[in-house]
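>>> A structural model of the following input is requested.
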Amino acid sequence: MTIDLPTYIPLNEATRRYRIGAQALTQMVEKGTIRAVKIDGSMAVAETDIDAMTLRDGLWAQVKHLDGTAIGVKDARCKYYLGAATLSRWIEDGIVRVLRSPLGQGRGRKKLLNEADIAYASLVADKRGRKRGRRILTPEYLPPHLV
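Prediction:
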């Protein structure tokens, strides 16, 4: 049986390696975005947390231009190759934000979603491999608006 323990690196090493300021890393520790420990009076941060954060930010940067763009459920399913159940679960979980909901019922009243959220989730699915029954958006891949 192996135990998978996180690797912690000194704060100054993390700032150099990831090109993130010490103040920004300290704020992330205070917010709980990344884990940290004190070793001999100095702060060390979890390398896996920073890797996940930089990966998330990199993927979000690819779709950020779509933030606030409305797309219908049917169009989103077709454009991003998503199943109805998956998309519904993402809406319920708040992963995909609803920009406008229908006020009544009937034709022409469709739910409009934030396309950036769907595009981000689709990028993560492509990166992790689309497999039936596999949860795509694990905690390290949650979109920035949920972190």
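>>> I'd like the mean pLDDT over the host helix or strand of residue 57, please.
In the assignment (DSSP states H and E), residue 57 maps to helix 47-63. Over the span of helix 47-63, the pLDDT mean works out to 88.
>>> ok, the helix or strand that it is followed by: who's next to it in the sheet?
Toward the C-terminal end, the helix or strand that comes next after helix 47-63 (DSSP H and E) is strand 70-72. For strand 70-72, the paired strands and their directions (DSSP bridges) read strand 112-114 (antiparallel).
>>> Tell me the first helix or strand C-terminal of the strand it pairs with.
Along the chain past strand 112-114, the next helix or strand (assigned with DSSP H and E) turns out to be helix 115-128.
>>> what about that next one, average pLDDT?
Averaged across helix 115-128, the pLDDT comes to 90.
>>> Show me what the helix holding residue 57 packs onto, helices and strands only.
Identification of packing neighbours for helix 47-63 by 3 or more CB pairs under 8 Å, 6 or more residues apart in numbering; DSSP states H and E yields helix 11-18, helix 115-128. Bear in mind the C-beta positions are built from the backbone N, C-alpha and C, glycine included.
>>> quick one, domains of the protein?
8-52, 67-146 (automatic domain parsing).
>>> between those domains, which one is nearest to residue 58?
domain 67-146 (9.7 Å; CB to CB).
>>> Can you give the distance of the closest one from its chain's centre?
Between the centre of domain 67-146 and the centre of its chain there are 12 Å (CA atoms, centre = their mean, to the nearest Å).
>>> residues touching the nearest residue to residue 62 once chain neighbours are set aside, list them.
The shortest distance from residue 62 to any non-neighbouring residue, by CB to CB, 6 or more residues apart in numbering, is to residue 123 (6.3 Å). Under the criterion of CB atoms under 8 Å, 6 or more residues apart in numbering, the contact list for residue 123 reads 59, 62-63.
>>> returning to what we had before: would you list the domains of the chain in a markdown table and tack on distance to residue 2?
Putting these into a markdown table (distance: least, CB to CB, whole Å) gives the following:
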| stretch | distance to residue 2 |
| --- | --- |
| domain 8-52 | 16 |
| domain 67-146 | 20 |
